[in-house]
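> What shape does this take:
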Amino acid sequence: MINDRFDTTWVDGGLDTATLRRLLPGHDVVITSWGTPPLPADCLGDPHGRATNDGSGTGPTVVGHAAGTIKNLIPQQALDRVTVFSAAPRIAWSVGEYCLTALLTLLRRLPQYDHRVRSGDWKPDDFRGRELRGLRIGIVGVSSTAQAFIRLLQPFDVDVLAYDPYLDGDRAARLGVRSVSLEEVVACPVLSIHVPATPATEGMITAELIDRIPDNGIVINSSRATAVDTSALLTAASTGRLRVAMDVFPSEPPSLPPEVLADRNLLLSPHIAGDTLEGHRALVATVIRDVIDYLDTGRRGPCWVDPAALAITA
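I've put the predicted structure just below:
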């Protein structure tokens, strides 16, 4: 797809700022992914054709990022000179599937059953799994990952409550959720967190709010560890009051004590909620389709990154 449409310069490994400065001038489009260093602002072009590279010509005016967030990729001062596309919407579906998988795994208490069977305890009778159908689900942050999760929940006839200060009534109705306060959301027996890392979300799920989650509740965090009092969450899991799926940690890789690693109420994964074989293979094609459509029609497809929304998105 790329070679058919573009006169392409491929760079395989060893990418650094000096290489970017050498390669970006003279190109119209740059496709990036994980591991790409920040793009130098003075090497990015201008949609109006003004030269930015010491008068020698413009750099790319279109950036297609075959990964998620672009916050650490494109300098703030260059955002008005480029049109940016990101594969975040495709990654969101993978995260949605992770959330559904984690929820069903914890509801049915599969980690506990697995441990008991391996220990020779066949069909323990001191606990029993639950079904998802008809449960009340709390969503914190109606991001693209939350919307994918909400869509996947639809066949289960659940009651979805959502907290997001930017969620209005019309949009909530379209998504099939009820817009409520943060306090009402944490009162749900299932809580899934989908907020970006911003000053407004840092520490928003406090120890006090965690205490309000009902006993035997389930918490899923696939977004940002900074949004949650992780210590309080781990304590609630260690006492058996909550079951928790954690894909993100305050520091990664985390240094977790033996008692946490042995806790069957915790489902731990290494920040892979958005990483699947099919999703990984689809990232470049997803972005390129929107880039080509934009170049041909001027249309900004679902991968387009709105600079005005960066302050409240991942």
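
> What separation is there between residue 59 and residue 255?
Residue 59 sits 41 Å away from residue 255 when distances are taken as Cβ to Cβ, to the nearest Å. Every residue, glycine included, has its C-beta placed from N, CA and C.

> Settle it for me: which of these two has more neighbours?
Neighbour count, other Cβ atoms under 10 Å: between residue 59 and residue 255, residue 59 has more, with 29 against 7.

> From residue 79, how far out is the more buried one?
For residue 59, the distance to residue 79 - Cβ to Cβ - is 14 Å.

> Ok, residue 189 next?
Distance from residue 189 to residue 79, by Cβ to Cβ: 41 Å.

> what's the answer for residue 206, then?
33 Å.

> Tell me which of these two has more neighbours.
residue 79 (18 against 14).

> Show the pLDDT at that one.
pLDDT recorded at residue 79 is 90.

> which residues sit in contact with it?
Shown in contact with residue 79 (Cβ atoms under 8 Å, 6 or more residues apart in numbering): 307, 310.

> Helices of the chain, residue ranges please.
2-5, 17-23, 88-107, 110-118, 144-153, 169-175, 182-186, 207-212, 230-238, 258-261, 277-297 (DSSP state H).

> Dump those to TSV, plus distance to residue 200 and mean neighbour count.
As requested, the helices of the chain are arranged in TSV below (distance: least, Cβ to Cβ, whole Å; neighbours: other Cβ atoms under 10 Å):
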stretch	distance to residue 200	mean neighbour count
helix 2-5	38	11
helix 17-23	31	14
helix 88-107	19	22
helix 110-118	33	14
helix 144-153	16	22
helix 169-175	19	12
helix 182-186	12	19
helix 207-212	15	16
helix 230-238	18	18
helix 258-261	29	10
helix 277-297	28	17
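
> With distance to residue 313 and mean pLDDT as new columns, can the ones you listed be given to me in TSV?
TSV is the format used below for those (distance: least, Cβ to Cβ, whole Å; pLDDT from 0 to 100):
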stretch	distance to residue 313	mean pLDDT
helix 2-5	27	84
helix 17-23	25	92
helix 88-107	8	97
helix 110-118	33	96
helix 144-153	8	97
helix 169-175	15	96
helix 182-186	19	97
helix 207-212	23	97
helix 230-238	22	96
helix 258-261	31	94
helix 277-297	17	95
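
> I'd like these written out as JSON lines, with distance to residue 133 added.
JSON lines is the format used below for the helices of the chain (distance: least, Cβ to Cβ, whole Å):
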{"stretch": "helix 2-5", "distance to residue 133": "44"}
{"stretch": "helix 17-23", "distance to residue 133": "51"}
{"stretch": "helix 88-107", "distance to residue 133": "10"}
{"stretch": "helix 110-118", "distance to residue 133": "17"}
{"stretch": "helix 144-153", "distance to residue 133": "10"}
{"stretch": "helix 169-175", "distance to residue 133": "19"}
{"stretch": "helix 182-186", "distance to residue 133": "20"}
{"stretch": "helix 207-212", "distance to residue 133": "24"}
{"stretch": "helix 230-238", "distance to residue 133": "25"}
{"stretch": "helix 258-261", "distance to residue 133": "31"}
{"stretch": "helix 277-297", "distance to residue 133": "27"}
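
> Would you mind confirming that residue 210 is in contact with residue 231?
No: taking contacts as Cβ atoms under 8 Å, residue 210 lies outside contact range of residue 231: 9.8 Å.

> now what about stretch 105-118, what contacts it?
122, 124, 127-132, 218, 243-245, 264-265, 267.

> So which of those residues are in strands?
218, 243-245, 267 (DSSP state E).

> nearest to residue 69, of those?
residue 245 (21.5 Å; Cβ to Cβ).

> The closest one: neighbouring residues, count only.
Number of residues near residue 245 (other Cβ under 10 Å) recorded here: 23.
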